[in-house]
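Asks: sequence? don't have it. structure:
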């Protein structure tokens, strides 16, 4: 087992350079170290100017998404030992503008997420005195998988459609829209469909399927989008056959 | 005075352009683009079929000519490639169906392989029916 491993990190310092460059750091190899540990080692001991985001170190916060050897990964869950003998290439997520080194700007996603109204919509809100909206475990099970999303943006970085068509609402936002559509307490499916059946919505997805492969929480955004397409198409056929029934 | 190169505290983003060769980056991207490409070959099969109907309408001579055309080596080669692409299209399509079709029976999700197997079974039955109709008179 080697005592060190080379970490080739993408650097972008807008005050110094107009394009990203790479810098290689030799970091100690430890069996229990993930890529994030190695980056923190560099930050603390070698080069304090290296910029990257992280918070929880346990795959919950979704801050430390980066590309490791070309694949979008949560760096807190990506072990150095899986990439021996190295060098290990660490780059910022694709398709988002890079602010500095490994830090990308996520404003575009946050705006899109808000568009799909990821909260429970009711036609009429009942007064709190009448109690909660009840749900059975089976009803919870239908959408639970889609609710595990941590907004880490690995799926956007894996989606070539998002790269080619930056207007595309994208995998995580659509999966979260579907999460609320399938929630038995929600009544906003028609409202969301209006937004998602527009040009930059559902139908931009051509089912590459890579979003599902890189998802660290097994949300399966590709599945969510295809199921959404199926229900949108069914809704459209119904509105053709029974124009008075769907109003 | 020249333009300031960098404004302090003002973000100067770097946006990377998507390479024309993005689909060669990994195998699943390449597989995806090949699957999209199959539509051309599916369309080609449809055109040949329309051509066949046209030949039938023109009479026996035209139909014999059509059949002779199909037997030329160039057409056979093209047909083989087309068949492989259409097969790739069908298989990947069937394998993807459980992603879009979630069937719940008594509150439990029907496993993916059952949905895929039903597709293949329907394919076999329909192919058998077609073969039966075509070969019945022989």
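Replies: Yep, that arrived. Since we're looking at a predicted model, the values are computed, not measured.
Asks: what pLDDT does the model give residue 64?
Replies: All of this is about chain A. Taken from the predicted model, the pLDDT recorded for residue A:64 is 97.
Asks: chain B, not that one
Replies: pLDDT for residue B:64: 94.
Asks: same check, this time on the one 5 residues further on
Replies: At residue B:69, the predicted lDDT confidence score is 91.
Asks: same deal with the one 3 residues further on?
Replies: Residue B:72 carries a pLDDT score of 94 in this model.
Asks: equivalent analysis for residue A:229, please.
Replies: At residue A:229 the predicted local confidence, pLDDT, stands at 92.
Asks: would you confirm that it contacts residue A:202?
Replies: Yes - shown here, residue A:229 and residue A:202 form a contact pair, counting by Cβ atoms under 8 Å, at 5.6 Å. All C-beta spots, glycine's among them, are computed from the backbone N, C-alpha and C.
Asks: low-scoring stretches of chain A, by residue?
Replies: Segments of chain A classed as low confidence (criterion: pLDDT under 70) are A:245-247.
Asks: again, only using 90
Replies: Within chain A, the segments meeting pLDDT under 90 span A:1-2, A:14-18, A:86, A:125-126, A:138, A:198-199, A:231, A:235-236, A:238-247.
Asks: which parts of it belong to which domain?
Replies: Taking automatic domain parsing as the criterion, chain A consists of the domains A:4-104, A:107-241.
Asks: off-centre distance for the shortest one?
Replies: Here domain A:4-104 is found 18 Å from its chain centre; the criterion is Cα atoms, centre = their mean, to the nearest Å.
Asks: do the same with stretch A:95-114
Replies: Taking mean C-alpha positions (Cα atoms, centre = their mean), stretch A:95-114 and its chain are 11 Å apart.
Asks: buried set for it?
Replies: Using 16 or more other Cβ atoms under 10 Å in any protein chain shown as the test for burial, stretch A:95-114 gives A:95-106, A:108-109, A:112-113.
Asks: do stretch B:103-119 as well
Replies: Neighbour count says stretch B:103-119 has B:115, B:116, B:118, B:119 buried, by 16+ other Cβ under 10 Å.
Asks: just the closest of these to residue B:24, please.
Replies: Within those, proximity to residue B:24 (Cβ to Cβ) peaks at residue B:116, which comes in at 28.5 Å.
Asks: where along the chain do the strands fall?
Replies: No chain was given, so I picked chain A. If you assign secondary structure with DSSP state E, the strands in chain A sit at A:4-11, A:21-28, A:65-68, A:71-74, A:88-91, A:98-100, A:103-104.
Asks: try again with chain B
Replies: Per DSSP E, chain B carries strands over the ranges B:104-105, B:108-109.
Asks: go ahead and name everything in contact with the last one.
Replies: Read that as strand B:108-109. B:102, B:103 (Cβ atoms under 8 Å, 6 or more residues apart in numbering or on different chains).
Asks: from the chain's centroid, how far away is that strand?
Replies: In this view, strand B:108-109 has its centroid 30 Å away from the chain centroid, taken as Cα atoms, centre = their mean.
Asks: pull up the pairing partners for it, direction included.
Replies: Under the criterion DSSP bridges, strand B:108-109 sits next to strand B:104-105 (antiparallel) in its sheet.
Asks: select the longest helix from chain B.
Replies: Of all the segments assigned as helix in chain B under DSSP state H, the longest by residue count is helix B:27-58.
Asks: ok so, going back, most tightly packed of the strands of chain A?
Replies: strand A:65-68 (a mean of 25; mean count of other Cβ atoms under 10 Å in any protein chain shown).
Asks: nearest to chain A, of the buried residues of stretch B:103-119?
Replies: residue B:115 (12.1 Å; Cβ to the nearest Cβ).
Asks: give me the number of residues near the residue lying closest to the closest one once chain neighbours are set aside?
Replies: Closest residue to residue B:115 in three dimensions, ignoring its sequence neighbours and counting by Cβ to Cβ, 6 or more residues apart in numbering or on different chains: residue B:98, at 4.3 Å. Residue B:98 is surrounded by 21 other residues when neighbours are defined as other Cβ atoms under 10 Å in any protein chain shown.
Asks: neighbours of residue A:181, how many?
Replies: The criterion is other Cβ under 10 Å. On that basis, residue A:181 has 24 neighbouring residues.
Asks: quick check: it touching residue A:187?
Replies: No - checked against Cβ under 8 Å, the pair residue A:181 and residue A:187 is beyond contact range at 9.9 Å.
Asks: got any ranges where chain B has weak pLDDT?
Replies: Applying pLDDT under 90 to chain B picks out residues B:1-13, B:15-17, B:25-26, B:28, B:96-110, B:112, B:136-138.
Asks: all good on my end, thank you.
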